[in-house]
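1. Pasted the sequence and its predicted model underneath.
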Amino acid sequence: MKQPLFILPCALIFTGSLWAAISDPVRLDSGSVSGIPAGDSGVRIFKGIPYAAPPVGDLRWKAPQPAAHWDGVRKAEQFGPNCTAGGGAGGRGGGKGKGPGGGDKGPAPQPAPAKAAAPAAPAASEDCLYVNVWTPAKSAGDRLPVMVWTYGGGFTGGSGAEARYDGEALAKKGIVVVTYNYRLGMFGFLAHPELTKESGHNASGNYGMMDMASVLRWVQKNVAAFGGDPRKVTIAGESAGHVYGLKKVIMSPIEDRSDNTTRFLVLGRQFFPTSGHDRTSVLVFIKDQPGALFNVLSPFARHGISMNRIESRPSHQAKWEYAFFIDLAGHIDDEPMKRALKELEKHAAQIKVLGSYPVAVL
């Protein structure tokens, strides 16, 4: 009679671990997917989900198109291919040169102790527009905050599958983490007069940034299925994926702002080698009203915060005529910066702060 008493607790523990993570399949706008558990952390991982059609053939050097619908349940257990930049195997850290020395001087070096092989990186391909999701949600109704991470690499390297971007640690803190790939090098940024003519918006060369915007739309449509809240999305990144990429996507005149994409908060870091100071950038929209720009700038002057640069852009948003990027000396967590940003809230009728984020040495 003891055996059933032993089996029953084991069954309860086993099934309890299954209840700790969202159940498969997860239904998306393009089909259903199944993921894999991240150990016993309660996090579930979904890898290699197509967020757009493969940008090959007639879709090469075109805006990303919707992913084709699939039947059945797609196993999202492996990362999709990395994006190729074209032009050979160069890039950061990609060379394998010979070590110093040579010849027959002295005894041969002894081999180093064997180490566990690192996981092989996904192969590079033009078919590379895939997204990865780490979710700690127990159900689609959890409505957890979401972070979308964009990698750096000078628009010529990197991927959302890099081990350093693994989202499990953040997901364990209650965040749905999304990484993805965007087109690189000649496939992501080639500009040519003929491509400009056929584009439909009189421009070419921004395909990688269009991929970034496409992912944000994909998140708005699908992240709720992973237990995320599409109204609470933070977009973050480093280097090319932050300062040069995401800011341009937000300001793009060809992106529709009629949905929740205007609610994104932008975070990230960028290295400025000529400065030892932390910097904070603020993105604001203002109305064409007397004193509006003064009300934006005066709080920073009043609290002794120096302005490194102010950059004006068309806002492309209804009711907000102007947009400004303001680069300020000081960290976002400094008390003077906090007080200045708080003062901007007093002018909500004519000023909208879309995002403020630190710019600092990592």
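-> Looks like it came in fine. Numbering: from 1, shown residues only.
2. wait, doesn't residue 30 sit right on residue 67?
-> Yes: applying Cβ atoms under 8 Å, one finds residue 30 in contact with residue 67, separated by 4.7 Å. (C-beta placed from N, C-alpha, C; glycine too.)
3. And residue 145, which helix or strand is it part of?
-> Assigned by DSSP states H and E, residue 145 falls within strand 144-150.
4. Can you name every helix or strand that that strand contacts?
-> strand 176-180, helix 207-222, strand 228-238 (3 or more Cβ pairs under 8 Å, 6 or more residues apart in numbering; DSSP states H and E).
5. what's the closest of those to residue 193?
-> Between residue 193 and the helices and strands packed on strand 144-150, the tightest spacing by Cβ to Cβ is seen for helix 207-222, at 15.9 Å.
6. Let me see the mean pLDDT of the closest one.
-> Averaged over helix 207-222, pLDDT sits at 92.
7. what's the angle from it to strand 144-150?
-> 170 degrees (axes from the mean of the first three to the mean of the last three Cα atoms, to 10 degrees).
8. so helix 207-222 versus strand 228-238, what angle?
-> 160 degrees.
9. Give the other helices and strands that helix 207-222 contacts.
-> Using 3+ Cβ pairs under 8 Å, 6+ apart, helix 207-222 is in contact with strand 144-150, strand 176-180, helix 185-189, strand 228-238, helix 246-251.
10. how about the helices in the protein?
-> 2-19, 168-171, 185-189, 193-199, 207-222, 246-251, 292-302, 335-344 (DSSP state H).
11. looking at the ones you listed, which one has the lowest mean pLDDT?
-> helix 2-19 (a mean of 36).
12. Tell me who's in contact with the residue nearest to residue 64 when sequence neighbours are not counted.
-> The shortest distance from residue 64 to any non-neighbouring residue, by Cβ to Cβ, 6 or more residues apart in numbering, is to residue 52 (3.8 Å). Contact analysis of residue 52 by Cβ atoms under 8 Å, 6 or more residues apart in numbering lists 64-67, 129, 211, 214, 218.
13. repeat for residue 139
-> 22-23, 227.
14. Any regions of the stretch 51-200 of the chain where pLDDT drops low?
-> In the predicted model of the stretch 51-200 of the chain, residues 87-120 satisfy pLDDT under 70.
15. re the thing from before, make a PyMOL selection of the buried ones in the contacts of residue 139.
-> Per 16 or more other Cβ atoms under 10 Å, the buried members of the contacts of residue 139 correspond to this PyMOL selection:
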select buried, resi 22+227
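16. JSON lines please, covering the contacts of residue 139 and showing pLDDT and distance to residue 170.
-> Shown next, in JSON lines, are the contacts of residue 139 (pLDDT from 0 to 100; distance: Cβ to Cβ, whole Å):
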{"residue": "22", "pLDDT": "83", "distance to residue 170": "16"}
{"residue": "23", "pLDDT": "83", "distance to residue 170": "22"}
{"residue": "227", "pLDDT": "96", "distance to residue 170": "14"}
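17. From the contacts of residue 139, pick the one nearest residue 125.
-> residue 22 (29.2 Å).
18. For that closest one, which non-adjacent residue is closest in space?
-> residue 137 (4.9 Å).
19. how near is the one you found to residue 169?
-> 16 Å (Cβ to Cβ, to the nearest Å).
20. Could you list the domains of this protein?
-> Domain assignment of the chain by automatic domain parsing yields the ranges 22-83+121-269, 271-362.
21. Just name the most buried of the ones you listed.
-> Across the domains of the chain, averaging neighbours per residue (mean count of other Cβ atoms under 10 Å) puts domain 22-83+121-269 on top, at a mean of 19.
22. can you pull the pLDDT of residue 354?
-> pLDDT at residue 354 comes out at 56.
23. on that earlier part again, right, and the helices and strands packed on strand 144-150 - which one's nearest residue 200?
-> helix 207-222 (12.1 Å).
24. May I have the closest one exported as CSV, CA atoms only?
-> The C-alpha trace of helix 207-222 is given here as CSV (Å, rounded to 0.1, in the frame of the first residue of the first chain):
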residue,chain,number,x,y,z
TYR,A,207,15.2,47.7,-45.3
GLY,A,208,16.8,46.8,-42.1
MET,A,209,15.0,49.6,-40.3
MET,A,210,11.7,48.5,-42.0
ASP,A,211,12.3,45.1,-40.4
MET,A,212,12.6,46.8,-37.0
ALA,A,213,9.3,48.5,-37.5
SER,A,214,7.7,45.2,-38.8
VAL,A,215,8.8,43.5,-35.5
LEU,A,216,7.1,46.2,-33.4
ARG,A,217,3.9,45.6,-35.4
TRP,A,218,4.2,41.9,-34.9
VAL,A,219,4.6,42.4,-31.2
GLN,A,220,1.4,44.5,-31.1
LYS,A,221,-0.5,41.7,-32.9
ASN,A,222,0.9,38.7,-31.1
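25. That one vs strand 176-180, what angle?
-> Helix 207-222 and strand 176-180 are oriented at 150 degrees to each other (the same axes, to 10 degrees).
26. Closest to residue 155 out of the contacts of residue 139?
-> So of those, ranked by how close each gets to residue 155 (Cβ to Cβ), first place is residue 227, at 32.1 Å.
27. for the closest one, phi and psi?
-> Residue 227 adopts backbone torsions of phi 90, psi 10, taken as degrees, to the nearest 10.
28. Fine by me, we can end here.
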